[in-house]
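>>> Pasting the sequence and the predicted coordinates here, then a few questions.
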Amino acid sequence: MSNFTSQKNYSLVTVVIPKHNRTKVVKLIDTIGARNIIRLTARGTLVQEGAWYSKIFPAPSPELETLQVLVPDCEVDSFFDKVVEAGKIHVTGNGLIYSIPCNDVDYSDGYSVWEAKEGENKINASDTPGKNFSGIFCIIERGEAEQMAKGAIHSGAHSPVVTFAEGRGLRDKIPLLRLTKTAEKELVQVVVDESDLDLVFSEMAKEGKITEPGKGFLYTIPVRKALINLPGISEETKYSASMQQLITAVDEMKGNREWRKRDTEEINTKGQRKKLVYLKNLVSLTCVTPRDHSDTLVEAAIDAGAPAASIGYGSLKDSINEEKAENKSNREWGFIYLALAPNMVDKVKDAIKAVSKKEGIDEVCFYTLPVPKALTYLG
């Protein structure tokens, strides 16, 4: 039977780097106390502006690796500085790092997290000043990320990062539909300055047709700290400056960012304007467990009232216990993403804990993040 420990004052730190830079960064993270480093294969997105042949023979998307670590709030600043130096993330094109304050973290006996030294973890990331970034995330049908990237990049954002996932939902409870192919999804992530949030969000929604049935789920999460140095546009362009550089130049000329604000209403196919209707104050719950247990936990979450789930797959790395670390790195792990109403969070968490204890699943960790705004088809 698995017992669970609950903690607060943690942040989820995400590092996105080109694959050729990953070895040095992973080795560094191994040496500074991190536990269970999540590793996901990712790709960048490029909007090509240039010769006609670039549309027929598009450049391959950049190969990236996404690393995620639960870091005690008191260690976040030090962690940032060390990772930025090791990965040279301060250099243009070398990556992205950002932290999101967690509401809470729960983990079973068989899953370890980075523990702060006694009496040190007094800083609550959600209360620290200077929050001027937001993350925009979207779960969308596979193959649609490139179009959504166009909206993000042309609004001044960096090139969105894409990982793959599978969709789960009530349809999987119907025996006949369970015989059909699992819905393939893409998880798109982009980090923007707070002043650009509304514009980039609405442009991504428009390009991804998020308000149409079955297209996807677009949402925001507050980011405490970020350093963004991913490219925003393909090098194959007739312009010598990127979109971000042009927008920054206009900021300097005008002396403010007010000019960036644009109408965020949606225009339908008949040319009529309609106000976007947002879902507000949801909670994102992410659950980490070995892949062979992920379906069991998803089913428990849906039975408890979760409307749907998306599952990504990757690996864990933990250098503290070499024997356990080798066992973990040789297994595939599932990363379950849920978006819930606040009054459903405890019920779903309790259901996951109950089925973990019942089935003897002792490697489980889940954390919750605030979702101020979301958009999807509402009927």
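Sure thing, it's come through. The model shown is predicted, which means the values in this text are computed figures rather than measured ones. Residues are numbered from 1 along each chain as shown.
>>> give me the low-pLDDT residue ranges for this protein?
Applying pLDDT under 70 to the chain flags residues 1, 46-61, 118-131, 169-182, 231-275, 321-329, 379.
>>> what's near enough to touch S155?
Contacts for S155 (CB atoms under 8 Å, 6 or more residues apart in numbering) come out as D196, L199, V200, E203, M204. C-beta coordinates here come from the backbone N, C-alpha and C atoms, glycine included.
>>> what sits up against stretch 312-321?
Stretch 312-321 has contacts (CB under 8 Å, 6+ apart) with 26, 30-31, 35-41, 112, 163-165, 187, 288, 291, 324-325, 328-329, 331-335, 337.
>>> how long is stretch 314-330 end to end?
Start and end residues of stretch 314-330 are separated by 10 Å (CA to CA, to the nearest Å).
>>> same check, this time on stretch 297-312
OK, stretch 297-312 end separation, CA to CA: 14 Å.
>>> Begin at 705, not 1, for the rest of this chat.
Yep, numbering from 705; the last one is stretch 1001-1016 now.
>>> Quick check: buried residues in it?
Using 16 or more other CB atoms under 10 Å as the test for burial, stretch 1001-1016 gives 1001-1006, 1008, 1010, 1012-1016.
>>> do the same with stretch 839-849
For stretch 839-849, the neighbour count (16+ other CB under 10 Å) marks G839, I840, F841, C842, I843, I844, E845, E848, A849 as buried.
>>> Skipping its backbone neighbours, what lies nearest I741 in space?
Take I741 and drop its neighbours on the chain: the residue closest to it by CB to CB, 6 or more residues apart in numbering is K1021, 4.5 Å away.
>>> Angles on the backbone of that neighbour, please.
Per-residue torsions, K1021: phi -130, psi 130 (degrees, to the nearest 10).
>>> returning to what we had before: return the subset of the contacts of S859 lying in helices.
Among those, the ones falling in helices (DSSP state H) are L903, V904, E907, M908.
>>> quick one: the second one and G860 touch, right?
Right, V904. Yes: using CB atoms under 8 Å, V904 is in contact with G860, at 7.0 Å.
>>> Identify the contacts common to those two.
V896.
>>> ok, of the contacts of stretch 1016-1025, which come out buried?
Taking 16+ other CB under 10 Å as the criterion, what is buried in the contacts of stretch 1016-1025 is 730, 734, 739-744, 816, 867-869, 891, 992, 1029, 1032, 1037-1039, 1041.
>>> Just among the contacts of S859, which is most surrounded?
With neighbours defined as other CB atoms under 10 Å, the most crowded of these is M908; it has 28 neighbours.
>>> That one: what's its closest spatial neighbour, skipping adjacent residues?
In space, and not counting its chain neighbours, M908 is closest to G855: 4.6 Å by CB to CB, 6+ apart.
>>> need the next SSE after the helix or strand harbouring the one you found, C-terminal direction.
Secondary structure assignment for G855, by DSSP states H and E: helix 849-858. Moving toward the C-terminus from helix 849-858, the next helix or strand (DSSP H and E) is strand 865-873.
>>> Report all helices and strands that the very next helix or strand once past that following strand contacts.
Using DSSP H and E, the helix or strand that follows strand 865-873 in sequence is strand 888-897. Here strand 888-897 touches strand 837-845, helix 849-858, strand 865-873, helix 901-912, strand 1012-1021, going by 3 or more CB pairs under 8 Å, 6 or more residues apart in numbering; DSSP states H and E.
>>> Just the buried positions in the second one, please.
Residues of helix 849-858 classed as buried: A849, E850, Q851, M852, A853, K854, G855, A856, I857, H858 (neighbour count, 16+ other CB under 10 Å).
>>> so how far is E911 from the last one?
Per CB to CB, to the nearest Å, H858 is found 9 Å from E911.
>>> circling back to that earlier point, for the buried residues of helix 849-858, give me CSV that also has distance to E916.
Formatted as CSV, the buried residues of helix 849-858 follow (distance: CB to CB, whole Å):
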residue, distance to E916
A849, 16
E850, 17
Q851, 13
M852, 13
A853, 18
K854, 17
G855, 15
A856, 18
I857, 22
H858, 20
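>>> Relative to D781, which of these is nearest.
D781 has its nearest neighbour among those in A856, at 27.9 Å by CB to CB.
>>> Next up, the contacts around that closest one.
I840, H862, S863, P864, V894, V904, E907, M908.
>>> closest to D1050 among these?
Nearest to D1050 among these, counting by CB to CB, is I840 at 26.9 Å.
>>> any idea how far the closest one is from G920?
12 Å.
>>> can you check D999 too?
Applying CB to CB to D999 and G920 gives a distance of 22 Å.
>>> Between these two, which has more neighbouring residues?
Ranked by neighbour count (other CB under 10 Å), D999 and G920 place G920 first, with 26 against 17.
>>> ok, the more buried one to S998 distance?
Taking CB to CB, one finds G920 at 21 Å from S998.
>>> Helix, strand or coil: sort out C778 for me.
Following DSSP: H, G, I helix; E, B strand; the rest coil, C778 is assigned to helix.
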